[in-house]
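1. Structure for the following, please:
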Amino acid sequence: MLKKYKVYIISIVVCLFFTIWGVTPQSVLGKFSLNEVTMVAQRFISNEFGWLYTLLMLSFIILCVFLMFSKYGDIKLGKESDIPQFSYVSWIAMLFSAGMGIGLIFWGVSEPIMHLYEPAVESDNLIQSARLSMNYTFFHWGLQPWSLYAFLGLIIAYNTFRHDRPALISESVIYLFKEKHRPKVTTVTNIIAIIATVFGVATSLGLGAQQISGGLNYLFKGIPNTFYVQFIVIIIVTILYLTSAMTGLDKGVKILSNTNVVFVCLLMFAVLFIGPTSFLLDLFVQSVGNYIQELPVLSFHMSIFDESGREWINSWTLFYWSWWISWSPYVSTFIARISKGRTIKEFIGGVLIIPTIFAFLWFTIFGGSAIWQEMFNNIEIFSVIQEKGVEIGLFSMLENYGSFGKLLTGLAMLLVSSFFITSADSATYVLGMFSSEGELVPTKRVKVSWGIVQSSIAIILLYAGGLETLQAVSVLSSFPFIFIIILMMVQFFKTISKDYRISE
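-> Sure thing, here's the model as predicted:
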């Protein structure tokens, strides 16, 4: 019994150590405090290994496109008689909610506006900066992250449903090693996957708590946007998502994900139609075209001759690549879990294309509305973000729609809360699988313990330094998992090519 939960116990101990480290005052630890150490580590990884993140994220797009149109495209993720467990609508809703939910709400307005005034390439031309702003926003939320999820999800689904292996990250790498080394490789691999997942999801939960707190402050001036309010928010939402986690995948996550889609569409189309509709639709078409045209340039851009430009790449692009990678064990495993019965072509097409288009539409409507208010109506949103925080961007933009804006702010907060619950709920499910030898239905006790750990880590990160610490820890937790991803790629292509030769 102890052997079965070895990974679980070690991972919990690591998280406990991190929690103690985080709550220890900086005055006691000095330069060895959580905030100081993570900041130094983030700078080192970004400066020394930025090239590796860049090449790896680009390789996922190339590999996904290859697999979609290759001889492997018609292979089913499961037995030939297997049919998908979920409808297309529920499937897309669940993978989208797990993949990016809170981040879209948090950055939907703030990122394009911040890029407008603090662009990747310094310019005195505001129109050029606006164009570049949408380009980089699309770049950070487009094909790269979704191809990462699609490719790793495909590997896990293939191993789980074609070869009847446990739904563990380790199962995607251990067959590259001699049998005597596999137990140790299994333990180390799954612990790294769990730690990356815990801190990656905790980053999102911290962002969600910040935004809910900021929204409450915007709606009710008597409620301050402070750490203590964020603490209370996390506690309340933790109770809600643990309640959801007890209902199982078919009920809790599915119902919440479908609800999220309804809320997202209501909020998105409301902003589209009460705002500058023609401008936003034109912006969408133009920005998609610019993105497709300039994707190769953006994908290789490292700004090595410009110190300030490289600092921008480190704090934005490399942060995002790290964040997506730290999320990938959880999101990819979750996507794999809900995709049994679909072909490789169908799987990659669904995961890669539909959420990417939706993300583009989201950022066009919210980021484009904010840019339009700034450039053509002289409404200052950027200055509000600078003064009150990134989490206020959405509410600052909605405020300019009068009483209807108040209603939309309430809907946005409801959506953040729903995404918060969905992400944490599905993450506890996946963490339970990782720490229980790949059980497809983890015990309630294990899921509850991981739910509490996730929320505790999010609170500690907010306490230690807020947004900067959230970003730094995301980079730090993603780094070891990069090397596991490379091993997964090698084993997958060895396995699928061998399987295909046998089936011919």
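
2. distance of the residue lying closest to residue 369 once chain neighbours are set aside from residue 364?
-> Of all residues not flanking residue 369 in the chain, residue 275 sits nearest, at 4.6 Å (CB to CB, 6 or more residues apart in numbering). C-beta coordinates here come from the backbone N, C-alpha and C atoms, glycine included. Plainly put, residue 275 is 11 Å away from residue 364 if you go by CB to CB, to the nearest Å.

3. More neighbours: these two, which one.
-> residue 364 (28 against 19; other CB atoms under 10 Å).

4. Just to be sure, the more buried one is in a strand?
-> No: with DSSP: H, G, I helix; E, B strand; the rest coil as the criterion, residue 364 is helix rather than part of a strand.

5. contacting residues around the residue nearest to it when sequence neighbours are not counted?
-> Nearest residue to residue 364, sequence neighbours excluded (CB to CB, 6+ apart): residue 284, at 4.2 Å. For residue 284, the contact set (CB atoms under 8 Å, 6 or more residues apart in numbering) comprises 360-361, 364-365, 368.

6. next one: residue 367
-> 108-109, 111-113, 133-134, 137 are the contacts of residue 367 under CB under 8 Å, 6+ apart.

7. what about it, distance to residue 68?
-> Distance, residue 367 to residue 68, by CB to CB: 29 Å.

8. quick one: low-confidence parts of this protein?
-> 1-4, 95-101, 244-257, 440, 465-471, 503-504 (pLDDT under 70).

9. In which helix or strand does the residue nearest to residue 364 reside?
-> Take DSSP states H and E as the rule and residue 284 turns out to sit in helix 277-300.

10. Equivalent analysis for residue 403, please.
-> Counting by DSSP H and E, residue 403 is found in helix 402-434.

11. which strands and helices sit next to the helix or strand following that helix?
-> Scanning forward in sequence from helix 402-434 by DSSP H and E, the next helix or strand is helix 444-465. Packing partners of helix 444-465 (3 or more CB pairs under 8 Å, 6 or more residues apart in numbering; DSSP states H and E): helix 6-23, helix 34-69, helix 182-219, helix 227-245, helix 402-434, helix 467-503.

12. tell me the angle the last one makes with helix 6-23.
-> What it means is helix 467-503. 160 degrees (axes from the mean of the first three to the mean of the last three CA atoms, to 10 degrees).

13. try the third one
-> Using the same axes, to 10 degrees, the interaxial angle of helix 182-219 with respect to helix 6-23 works out to 40 degrees.

14. now helix 182-219, how far from the chain's geometric center?
-> Taking CA atoms, centre = their mean, to the nearest Å, one finds helix 182-219 lying 9 Å from the centre of the chain it belongs to.

15. Summarise which helices and strands that helix is packed against.
-> If contacts are counted by 3+ CB pairs under 8 Å, 6+ apart, helix 182-219 sits against helix 6-23, helix 88-107, helix 227-245, helix 317-337, helix 393-398, helix 402-434, helix 444-465, helix 467-503.

16. looking at these, which is closest to residue 146?
-> Nearest to residue 146, of all the helices and strands packed on helix 182-219, is helix 88-107, at 7.3 Å by CB to CB.

17. Check which element follows the closest one along the chain.
-> Next along from helix 88-107, by DSSP H and E: helix 110-117.

18. And that next one, what's buried?
-> By neighbour count on 16 or more other CB atoms under 10 Å, the buried set for helix 110-117 is 110-116.

19. just curious, which of those is nearest to residue 230?
-> For the buried residues of helix 110-117, the nearest to residue 230 is residue 110 (17.1 Å; CB to CB).

20. quick one: contacts for the closest one?
-> Residue 110 neighbours (CB under 8 Å, 6+ apart): 385, 390-391, 393-394.

21. run the last query once more with 10 Å
-> Shown in contact with residue 110 (CB atoms under 10 Å, 6 or more residues apart in numbering): 211, 366-367, 370, 381-382, 385, 389-394, 396-397.

22. what's the distance between it and residue 210?
-> 11 Å.

23. how near is the residue lying closest to residue 294 once chain neighbours are set aside to residue 283?
-> Closest residue to residue 294 apart from its sequence neighbours, by CB to CB, 6+ apart: residue 135 at 6.0 Å. Using CB to CB, residue 135 is found at 12 Å from residue 283.

24. now residue 445
-> Residue 445 is 49 Å from residue 283, by CB to CB.

25. neighbour-wise, which of these two wins?
-> Between residue 445 and residue 283, counted using other CB under 10 Å, the more crowded position is residue 283 (22 against 9).

26. Where does the residue nearest to that one when sequence neighbours are not counted fall, secondary structure wise?
-> Nearest residue to residue 283, sequence neighbours excluded (CB to CB, 6+ apart): residue 368, at 4.6 Å. Using DSSP H and E, residue 368 maps to helix 344-376.

27. Just name whatever secondary elements the helix or strand following that helix is in contact with.
-> Using DSSP H and E, the helix or strand that follows helix 344-376 in sequence is helix 382-388. Helix 382-388 makes packing contacts with helix 110-117, helix 182-219, helix 344-376, helix 393-398 when contacts are defined by 3 or more CB pairs under 10 Å, 6 or more residues apart in numbering; DSSP states H and E.

28. So for residue 141, which of the ones you listed sits nearest?
-> So among those, helix 344-376 is nearest, using CB to CB, at 4.6 Å.

29. chain center to the closest one: distance?
-> With CA atoms, centre = their mean, you get 15 Å for helix 344-376.

30. Now which of the contacts of residue 284 would you call buried?
-> With burial judged by 16+ other CB under 10 Å, the buried subset of the contacts of residue 284 is 360-361, 364-365, 368.

31. Can you give me every residue that contacts the residue nearest to residue 283?
-> Counting by CB under 10 Å, 6+ apart, residue 368 has contacts 109, 112, 130, 133-134, 137, 271-272, 275-276, 279-284, 287.

32. Buried subset of those, written for PyMOL?
-> Restricted to buried positions by 16+ other CB under 10 Å, the PyMOL selection for the contacts of residue 368 reads:
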select buried, resi 109+112+130+133+134+137+271+272+275+276+280+283+284+287
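
33. circling back: what's the angle between the helix holding residue 403 and helix 182-219?
-> Using the same axes, to 10 degrees: helix 402-434 against helix 182-219 is 160 degrees.

34. that older thread, secondary structure element for the residue nearest to residue 294?
-> helix 126-141.

35. May I have that helix exported as PDB, CA atoms only?
-> Only the C-alpha atoms of helix 126-141 are listed here, as PDB (Å, rounded to 0.1, in the frame of the first residue of the first chain):
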ATOM      1  CA  LEU A 126       1.000  54.000 -31.800                       C
ATOM      2  CA  ILE A 127      -0.700  52.500 -34.800                       C
ATOM      3  CA  GLN A 128       2.300  50.200 -35.400                       C
ATOM      4  CA  SER A 129       2.400  49.300 -31.700                       C
ATOM      5  CA  ALA A 130      -1.300  48.400 -31.800                       C
ATOM      6  CA  ARG A 131      -0.800  46.100 -34.700                       C
ATOM      7  CA  LEU A 132       2.200  44.500 -33.000                       C
ATOM      8  CA  SER A 133       0.200  44.300 -29.700                       C
ATOM      9  CA  MET A 134      -2.400  42.000 -31.300                       C
ATOM     10  CA  ASN A 135       0.300  40.000 -33.100                       C
ATOM     11  CA  TYR A 136       2.100  39.100 -29.900                       C
ATOM     12  CA  THR A 137      -1.100  38.500 -28.000                       C
ATOM     13  CA  PHE A 138      -2.200  36.000 -30.600                       C
ATOM     14  CA  PHE A 139       1.300  34.500 -30.600                       C
ATOM     15  CA  HIS A 140       1.200  33.900 -26.900                       C
ATOM     16  CA  TRP A 141      -2.300  32.300 -26.900                       C
END
